[in-house]
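S.K.: Just to be clear, the model below is a prediction. Sequence and coordinates:
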Amino acid sequence: MILAVDVGNTNITIGCIDAGEIPHVFRMSTDISKTEYEYAVGIKDILSFHNLQYSDIDGSVISCVVPPLTGVIKGAVKLLTGATAITIGAGIKTGINILIDDPGQLGSDMVATAVGALTIEKPPLIIADMGTATKMTVIDKNGSFIGGAILPGVALSMNALSAGTSQLPRVPIEAPAKCISANTIDCMKSGAVFGTASLIDGMADRFEAELGQPASMIATGGFAGAVYRFCRREIIYDPNLIMRGLMAIYDRNREKNKRNP
């Protein structure tokens, strides 16, 4: 079993990958104040709760966009597995050509998500990763990562709307019955879901115009499930896209991940 860990700004996603399948995916809150021992105990408890044994972990791979936690999570995984995890960064084989101004600026999560997309669909591709931020990226017909756009995530936008106004409450990210809504709560839901779906459609249209050809589209991320079905484009939804990418990267670098004798 391979342990795949994606450290995001809001949540840490943990996937247990066995024989190429992803039967278990868990989430825990990101907390930069925790130590590697606290994270090790937390991961062990989550695995035990689902009757999974940390002793069955053969290797691990980490993507982290919270720099203070990179070493902490890597240390926690080593405490559990006895092996140094493959951490996406310099010197790691990803199998994807990155054609942006400064490849060093590209987040490891975006790299893993792009690699995951190429495991399930042929390029050109547009990926909409809807988490804390909505990250839209483009892979050209040659399978190269060429760039994209980063926008405020749907929850982040709605929280800012509530915080910046005196009479607008926080609302769940869910679709109302109609786009033209007749009360404040449903109006906000309409903006959150239908507005985001329209944004995704519109950005994808612009990407295709610059590519000069149509592209397949994949949606992933914590809020994608609430939004993608209201887009007018045909979209493949895969909540475990980054896990697929992490597994592919692990396979390309497995010699780096050996248990200590």
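M.R.: It's in.
S.K.: Please count neighbours and contacts with C-alpha atoms only from this point.
M.R.: OK.
S.K.: ok, and for whichever helix or strand Val193 is part of, which residues are buried?
M.R.: Using DSSP states H and E, Val193 maps to helix 184-211. Neighbour counts over helix 184-211 (16 or more other Cα atoms under 10 Å) mark 186-198, 200-201, 203-204, 207-208 as buried.
S.K.: Please apply the same query to stretch 105-120.
M.R.: Quick answer for stretch 105-120 (16+ other Cα under 10 Å): Ser108, Asp109, Met110, Val111, Ala112, Thr113, Ala114, Val115, Gly116, Ala117, Leu118.
S.K.: okay if I get those as JSON lines plus distance to Tyr250 and pLDDT?
M.R.: Shown next, in JSON lines, are the buried residues of stretch 105-120 (distance: Cα to Cα, whole Å; pLDDT from 0 to 100):
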{"residue": "Ser108", "distance to Tyr250": "13", "pLDDT": "93"}
{"residue": "Asp109", "distance to Tyr250": "14", "pLDDT": "93"}
{"residue": "Met110", "distance to Tyr250": "16", "pLDDT": "95"}
{"residue": "Val111", "distance to Tyr250": "13", "pLDDT": "96"}
{"residue": "Ala112", "distance to Tyr250": "10", "pLDDT": "96"}
{"residue": "Thr113", "distance to Tyr250": "13", "pLDDT": "97"}
{"residue": "Ala114", "distance to Tyr250": "14", "pLDDT": "97"}
{"residue": "Val115", "distance to Tyr250": "11", "pLDDT": "97"}
{"residue": "Gly116", "distance to Tyr250": "12", "pLDDT": "97"}
{"residue": "Ala117", "distance to Tyr250": "15", "pLDDT": "98"}
{"residue": "Leu118", "distance to Tyr250": "15", "pLDDT": "97"}
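S.K.: Quick one: the helices in the stretch 51-200 of the chain, in order.
M.R.: Using DSSP state H, counting those that start in this stretch, the helices of the stretch 51-200 of the chain run over 67-81, 108-120, 154-163, 184-211.
S.K.: Could you save those as JSON lines and add columns showing distance to Asn240?
M.R.: As requested, those are exported to JSON lines (distance: least, Cα to Cα, whole Å):
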{"stretch": "helix 67-81", "distance to Asn240": "20"}
{"stretch": "helix 108-120", "distance to Asn240": "9"}
{"stretch": "helix 154-163", "distance to Asn240": "19"}
{"stretch": "helix 184-211", "distance to Asn240": "19"}
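S.K.: The closest residue to Cys64 other than its chain neighbours: what's it in contact with?
M.R.: Take Cys64 and drop its neighbours on the chain: the residue closest to it by Cα to Cα, 6 or more residues apart in numbering is Val7, 4.5 Å away. The contact partners of Val7, by Cα atoms under 8 Å, 6 or more residues apart in numbering, come to Thr13, Thr30, Ile62, Ser63, Cys64, Val65, Val66, Leu69.
S.K.: what about Pro214, neighbour count?
M.R.: Applying other Cα atoms under 10 Å, we find 15 residues neighbouring Pro214.
S.K.: give the contact list for it.
M.R.: By Cα under 8 Å, 6+ apart, the neighbours of Pro214 are Pro124, Glu208.
S.K.: and the gap between the residue nearest to Cys64 and Ile17?
M.R.: Distance from Val7 to Ile17, counting by Cα to Cα, to the nearest Å: 17 Å.
S.K.: what's the answer for Ile120, then?
M.R.: For Ile120, the distance to Ile17 - Cα to Cα - is 16 Å.
S.K.: And the strands in this protein?
M.R.: 2-7, 11-18, 21-29, 59-64, 86-87, 125-130, 133-139, 145-152, 216-220, 236-237 (DSSP state E).
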